[in-house]
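Colleague: sequence first, then the predicted structure:
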Amino acid sequence: MAFVALGLGAALAGAQERTVESIVPALAYGATCSSALELRNLGEKPAAVEVEGHRASGALVGLAGQAGITIHLGAGERGSYKLEIQEETGGAWVKVRERVRGAGPVVAVGAVTECVVANQLRTVRREVAFATRNPWYSSEAAEAQGSLVSLINTSEHAAKAAVCYSSGGLFSVPGGSRPSAGLQPVCSTAFEVQIPPFGSREFPAERDGSSHFSLKTEGEAIVLEMLRPVEIDVKVYAVDSTIKFGGEVPGGR
């Protein structure tokens, strides 16, 4: 029995440690809005996570009332945390890292954004998102009226985004292996932007009466999400989890 116990202990000790990263995007702050990160330890033992907060510019920002980035949670404990942001923004975000050895992660991650509009408190949830390489999105503008596409470059290297707004014209592209091969919209307005390390940007899904919108990216770890307005003419957005973004495009853009 002693031999079995020692063997099991050696196996557990030799289990390779890995890091699970969760991204919580589109956190709003300012005179009328505030966001809170929510953490809950679902395990039966104490757990610790690292919380890395960022402004839309990519700059690091601390947690209010916390001296460092490490949060310790007892078994079953919950916690709520806010970023130290006073300026108006809807593009703040956090990366939560949990170091796991053996079993899977035990800390549930989420957030809530609250905004006061016309003396009414509007609350929307922010769920965890995960970064992918070179994601893309293309849709008719009517399907995303009033919406924004949120882009976060979660890596320490710069990323690129190419945006196209079309008024309905199409042109033919010779066949190929890329998902975008075939008939393509003629861009009435098009531009490219560079996203700094850890920076975020938001792009309206319609512009000047456009009928089609597409966004292609180049970056190793990018989060894309569709933000839909909670109510017309109210600048509060909820994540549309039904939107599916394209995966990696072979060879980049």
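Modeller: Arrived safely, thanks for sending.
Colleague: could you use CA atoms for every contact and neighbour count after this?
Modeller: Fine.
Colleague: where's residue 44, which helix or strand?
Modeller: If you go by DSSP states H and E, residue 44 is not part of any helix or strand.
Colleague: so what's the backbone phi/psi at it?
Modeller: Reported as degrees, to the nearest 10, the phi and psi values for residue 44 are phi -100, psi 0.
Colleague: run a quick neighbour tally on it.
Modeller: Close neighbours of residue 44, defined as other CA atoms under 10 Å, add up to 11.
Colleague: what's the span of stretch 198-207, first residue to last?
Modeller: 26 Å (CA to CA, to the nearest Å).
Colleague: mean confidence score for that stretch?
Modeller: Average pLDDT, stretch 198-207: 92.
Colleague: also stretch 78-96?
Modeller: Mean per-residue pLDDT for stretch 78-96: 96.
Colleague: what residues of that stretch count as buried?
Modeller: Neighbour counts over stretch 78-96 (16 or more other CA atoms under 10 Å) mark 81-85, 89-96 as buried.
Colleague: next, the buried residues of stretch 44-52.
Modeller: So for stretch 44-52, counting by 16+ other CA under 10 Å, buried means 47-52.
Colleague: farthest pair in the buried residues of stretch 78-96?
Modeller: Comparing every pair within those by CA to CA identifies 89 and 96 as the most remote, at 20.1 Å.
Colleague: between which two of the buried residues of stretch 44-52 is the distance greatest?
Modeller: 47 and 52, at 16.7 Å, using CA to CA across the buried residues of stretch 44-52.
Colleague: returning to that earlier point: redo the buried residues of stretch 44-52 as CSV? Include secondary structure and pLDDT.
Modeller: As requested, the buried residues of stretch 44-52 are arranged in CSV below (DSSP: H, G, I helix; E, B strand; the rest coil; pLDDT from 0 to 100):
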residue, secondary structure, pLDDT
47, strand, 95
48, strand, 96
49, strand, 97
50, strand, 97
51, strand, 97
52, strand, 97
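Colleague: a markdown table for the residues you listed, including distance to residue 22?
Modeller: A markdown table is the format used below for the buried residues of stretch 44-52 (distance: CA to CA, whole Å):
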| residue | distance to residue 22 |
| --- | --- |
| 47 | 15 |
| 48 | 14 |
| 49 | 11 |
| 50 | 11 |
| 51 | 10 |
| 52 | 10 |
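Colleague: out of the residues you listed, which comes closest to residue 77?
Modeller: So of those, ranked by how close each gets to residue 77 (CA to CA), first place is residue 47, at 9.4 Å.
Colleague: ok, the closest residue to the closest one other than its chain neighbours - contacts?
Modeller: Leaving aside its sequence neighbours, residue 47 sits nearest to residue 73 (CA to CA, 6 or more residues apart in numbering; 5.3 Å). Counting by CA atoms under 8 Å, 6 or more residues apart in numbering, residue 73 makes contact with 40-41, 46-48, 79.
Colleague: residue ranges with poor pLDDT in this structure?
Modeller: 1-15, 142, 169-183, 231-235, 248-253 (pLDDT under 70).
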